[in-house]
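>>> quick one, what's the 3D model for this:
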Amino acid sequence: MRSFQAGKSPRIFLDETSVFDIGACVVDGIDIAPGRAIPDDGDPRIDHSLEGFLFTCGPDHIRHPEPIGGEGEGRRYPLHGSFSAHPAKIVAFDVHESNALARAEVPVNLADGGTALLERTWRIDGESGEVSLDDRIVNTSSRPIPVFLMYHMNIGGKWLDADARWVDPGYFHAMRIPLLKGRYFREDERLDRSKFVIVSQSFVRDIMHGEQPLGKHVDDPNVKAKGETSDSSEIVGVVADVRDTPNQPPRPTIYFPLYDGMQSGATLAVRTASDPLTFAMPVQKIISQIDPNLAVADILTLDQVIGKSTVSASFDATLLAIFALLSLVLAAVGLFGVLSYIAAQRQGEIGIRIALGAQREQVLRLMLLDGLKPAIIGLIAGLVASVAATRLIQSLLFGTKPLDLAVLVLVTCVLLAVAALACLIPAWRASRLDPMRALRIE
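Reported below is the predicted structural model:
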């Protein structure tokens, strides 16, 4: 996919494999596309399209009512007129800070055997951030076809709604989620249909736009899903945010009391003063005494849960660290070899300097500076490149900023120290050179 952005616009990604539709739309660092197809009959074109932010359908956007013989499994009822999965040929792609333009041509095979050419033009006004689309359809078949397009915009609902969780009053204490305002659930609200809820800090900020939350009311989605009539629930507390995964921002969350029989499954959080795995068997025995039919699975410590969610990023970070270490070693060996070569080539000059009265400390300083100059130039270039590449490593960083001044200073000091050590031995050898022997060699 091709990144397409200018000025204040969101960053969109145009899908060259599927009509130059919008595969992803990134707003404030978040891709608001669904990212996962709605359950379908298996037609890969539609599955692919529904994963994206915007996809285009043609003039006969209706599924065939009868199976079509000879088609593969999952494509027996093809979606007529869907332009999806037709590759686009890019004829212009010009992106500037003030505006952007992208043009593509898409030859399309219609479901009824006809053909058409879609001429698609995307534009961005960088000043306003407005993204516009201009489509032109050319009939390339030998008979008339209806000329209109249907556009489907898919937005991931997870970015628009708050998460709902049903918890026991002791959940917040076990997970050490601090109370910011109001109160926690009371013990008598554990299995009672109490009309009270607790919300997260991000819920107040994003959903309520910073209004005073205590005393306000929200609906219970679980009750609505069962078709029951119910009054809304009152907000009695605000707690700190909790991340579902380390590399994603906290989601707005509503906590409801854990109603009896309302949930088919549950997660039990147990806080211990010693090794938590030693309590796994006693906890299972207690649960079995309550109900022998209750199955207990996925017994994990919180560190293990976090480790599972970050295993891919940890592997990537480990590889980067290994390659960085190898690069550092190679750079040090390179500096050592280059300075050794320079010292060998300048034996006559060094011998003359020492014979004329130059102190060995001055020769040492001269050779060190000659070796450190390229290292310092490379370090400056590397710092500039690292600042420019911070967006590429944001997904690997948890709880730290990409541009951390302390880290940059530490890395700079380490690299300078390694470069100085690599240059020190050749420089020291040059400063201990016998001037008479050097002049005889010369």
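>>> now do the contacts for residue 26.
10-13, 32 (Cβ atoms under 8 Å, 6 or more residues apart in numbering). For every residue, glycine as well, the C-beta is placed using N, CA and C.
>>> now it: which helix or strand?
In the assignment (DSSP states H and E), residue 26 maps to strand 21-27.
>>> I'd like the next helix or strand past the helix or strand of the chain with the lowest mean pLDDT.
Each helix and strand of the chain was given a mean pLDDT (mean pLDDT, DSSP states H and E); the minimum falls on helix 221-225 at a mean of 44. Counting by DSSP H and E, the element after helix 221-225 in chain order, helix or strand, is strand 233-239.
>>> residue ranges for the helices of the chain, please.
44-51, 171-174, 201-202, 221-225, 280-290, 302-309, 311-345, 347-355, 360-388, 405-431, 435-441 (DSSP state H).
>>> now the ones you listed in JSON lines, with distance to residue 233?
JSON lines is the format used below for these (distance: least, Cβ to Cβ, whole Å):
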{"stretch": "helix 44-51", "distance to residue 233": "34"}
{"stretch": "helix 171-174", "distance to residue 233": "17"}
{"stretch": "helix 201-202", "distance to residue 233": "18"}
{"stretch": "helix 221-225", "distance to residue 233": "9"}
{"stretch": "helix 280-290", "distance to residue 233": "28"}
{"stretch": "helix 302-309", "distance to residue 233": "29"}
{"stretch": "helix 311-345", "distance to residue 233": "37"}
{"stretch": "helix 347-355", "distance to residue 233": "84"}
{"stretch": "helix 360-388", "distance to residue 233": "47"}
{"stretch": "helix 405-431", "distance to residue 233": "45"}
{"stretch": "helix 435-441", "distance to residue 233": "89"}
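>>> got a list of what residue 109 touches?
Residue 109 makes contact with 86, 115 under the criterion Cβ under 8 Å, 6+ apart.
>>> partner residues bridging it?
Beta-bridge pairing for residue 109 (DSSP bridges): residue 115.
>>> distance of it from residue 171?
According to Cβ to Cβ, to the nearest Å, residue 109 and residue 171 sit 56 Å apart.
>>> hang on, the earlier thing: need the helices of the chain in TSV (columns: distance to residue 244 and mean neighbour count).
Listed next are the helices of the chain as TSV, based on distance: least, Cβ to Cβ, whole Å; neighbours: other Cβ atoms under 10 Å:
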stretch	distance to residue 244	mean neighbour count
helix 44-51	20	20
helix 171-174	15	17
helix 201-202	12	18
helix 221-225	18	13
helix 280-290	24	12
helix 302-309	8	12
helix 311-345	15	13
helix 347-355	64	17
helix 360-388	29	15
helix 405-431	26	16
helix 435-441	69	13
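>>> those helices: which one's closest to residue 152?
Shortest distance between residue 152 and the helices of the chain, using Cβ to Cβ, is found for helix 44-51: 7.5 Å.
>>> how much space between residue 322 and residue 313?
Distance of residue 322 to residue 313, given as Cβ to Cβ: 15 Å.
>>> domain ranges for the chain?
Structurally, the chain divides into domains by automatic domain parsing as follows: 2-158, 161-269, 311-441.
>>> show me how far the second one is from its chain's centre.
Taking Cα atoms, centre = their mean, to the nearest Å, one finds the center of domain 161-269 at 27 Å from the center of the full chain.
>>> pLDDT score for residue 397?
We have a pLDDT of 64 for residue 397.
>>> okay, buried residues for the strand holding residue 26 please.
21-26 (16 or more other Cβ atoms under 10 Å).
>>> cool, and stretch 272-281?
By 16+ other Cβ under 10 Å, the buried positions in stretch 272-281 come out as 276, 279.
>>> hmm, who's touching that stretch?
The set of residues external to stretch 272-281 that reach it, using Cβ under 8 Å, 6+ apart, is 270, 299, 301.
>>> one more: stretch 284-291?
268, 294, 296, 299.
>>> any idea how far residue 280 is from the nearest residue to the second one once chain neighbours are set aside?
For residue 294, the nearest residue in space outside its immediate sequence neighbours is residue 287; the separation is 5.4 Å by Cβ to Cβ, 6 or more residues apart in numbering. When distances are taken as Cβ to Cβ, residue 287 and residue 280 turn out to be 11 Å apart.
>>> distance of residue 306 from residue 243?
10 Å.
>>> residues near the nearest residue in space to residue 244 that is not next to it in sequence, how many?
Using Cβ to Cβ, 6+ apart and skipping residues adjacent in sequence, the residue nearest residue 244 is residue 251, 6.3 Å away. Residue 251 has 18 neighbours, counted by other Cβ atoms under 10 Å.
>>> which one of the buried residues of strand 21-27 sits closest to residue 390?
Among the buried residues of strand 21-27, residue 26 lies closest to residue 390 (Cβ to Cβ), at 15.8 Å.
>>> can you tell me who the closest one pairs with across the strands?
Beta-bridge partners recorded for residue 26 (DSSP bridges): residue 11, residue 31.
>>> go on, residue 92?
Assigned bridge partners for residue 92, using DSSP bridges, are residue 103.
>>> contacting residues for it?
Taking Cβ under 8 Å, 6+ apart as the test, what residue 92 contacts is 101-103.
>>> residue 340 against residue 426, yeah?
Yes - in this structure, residue 340 is within contact of residue 426 by Cβ atoms under 8 Å, at 4.4 Å.
>>> quick one on the thing from earlier: which two of the buried residues of strand 21-27 have the greatest separation?
21 and 26 (15.3 Å).
>>> and the strands in the stretch 151-300 of the chain, which stretches?
Counting by DSSP state E, counting those that start in this stretch, the stretch 151-300 of the chain has strands at residues 163-167, 179-182, 196-200, 217-218, 233-239, 253-257.
>>> now the last one and strand 196-200, what's the angle there?
With axes from the mean of the first three to the mean of the last three Cα atoms, to 10 degrees as the basis, strand 253-257 and strand 196-200 are set at 150 degrees to each other.
>>> report the angle between strand 253-257 and strand 163-167.
Orientation check (the same axes, to 10 degrees): strand 253-257 against strand 163-167 gives 30 degrees.
>>> keeping just the C-alphas, turn strand 253-257 into PDB.
C-alpha atoms of strand 253-257 as PDB (Å, rounded to 0.1, in the frame of the first residue of the first chain):
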ATOM      1  CA  THR A 253     -13.700   1.600  30.100                       C
ATOM      2  CA  ILE A 254     -16.900   1.200  32.100                       C
ATOM      3  CA  TYR A 255     -16.900  -1.300  35.100                       C
ATOM      4  CA  PHE A 256     -20.200  -2.900  36.100                       C
ATOM      5  CA  PRO A 257     -20.800  -5.100  39.100                       C
END
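>>> mean confidence score for it?
The pLDDT scores in strand 253-257 average 86.
>>> now the fifth one
Looking at strand 233-239 alone, the average pLDDT works out to 90.
>>> which strands border that strand, and is each parallel or antiparallel?
Here strand 233-239 is paired, per DSSP bridges, with strand 179-182 (antiparallel), strand 196-200 (parallel), strand 217-218 (antiparallel).
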